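Chemist: build the 3D model from these lines:
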Amino acid sequence: MPATFVKSITQLIDLPDDDKPQIALVGRSNVGKSSLLNQLTDQKGLARASAEPGRTQTINVFDVDGRFYLIDLPGYGFAKASKVKRVGLRGMISDYISEAPQLKLVLLILDARRGFTELDLEVAGYLEAHSIPYALVVNKIDKLSKSEYSSLAKKIALSHPGVPIIPSSNVTRVGRGQIRQTIEEVIR
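Modeler: Take a look at the predicted model:
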């Protein structure tokens, strides 16, 4: 999946003005969105991954093979940002999700060690209320035992029936093929 960085934006009017499908990555700060994007595209430094949560504060647009865009949304739940900044970032995320005309799928990324947080549930509810297709990417599964992951996956499946659940690890690269396949099915 060859990809190039297109631009960082803070207003939806600055989104690419074409009909290419858009796939958004959303999740809490420090959940591994940028690392996942790098893994999906096989390009280590495409998206800047930081050990410090809350570094992505813009909507970052990446063109993938001239076929579709991966949209890296700011992380939510970063406690060190000011309340005004947090509200602004949440607004940017919800505006994009509800108004982007070419949005075809949201990859809601969860931290396997934390499961669904209150904010993750809020985002999932928002996606469902707006009838936006999404898949749950349970990231960092390398940090759990097989039985711990199995228990988490069952719990998620019960609370979100019919939503695809994709186990993922940026360390072991588990899930990369399944995420790519999910994207391909949506953009066809």
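Chemist: and the pLDDT for the residue sitting nearest the centre point of the chain?
Modeler: With distances taken as CA atoms, centre = their mean, the residue of the chain nearest its centroid is Leu25 (2.1 Å). pLDDT, Leu25: 95.
Chemist: then Ile183?
Modeler: 96.
Chemist: which helix or strand contains it?
Modeler: helix 176-187 (DSSP states H and E).
Chemist: which secondary structure elements does that helix contact?
Modeler: Under the contact definition 3 or more CB pairs under 8 Å, 6 or more residues apart in numbering; DSSP states H and E, helix 176-187 sits against strand 22-27, helix 33-41, strand 103-111, strand 134-139, strand 165-167. In short, each C-beta sits where N, CA and C put it, glycine included.
Chemist: can you put those in a markdown table and add distance to Phe5?
Modeler: Shown next, in a markdown table, are those (distance: least, CB to CB, whole Å):
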| stretch | distance to Phe5 |
| --- | --- |
| strand 22-27 | 14 |
| helix 33-41 | 10 |
| strand 103-111 | 18 |
| strand 134-139 | 21 |
| strand 165-167 | 24 |
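Chemist: if we can go back for a sec, what bridges to the residue nearest to the centre of the chain?
Modeler: Beta-bridge partners for Leu25, by DSSP bridges, are Asp72, Leu107.
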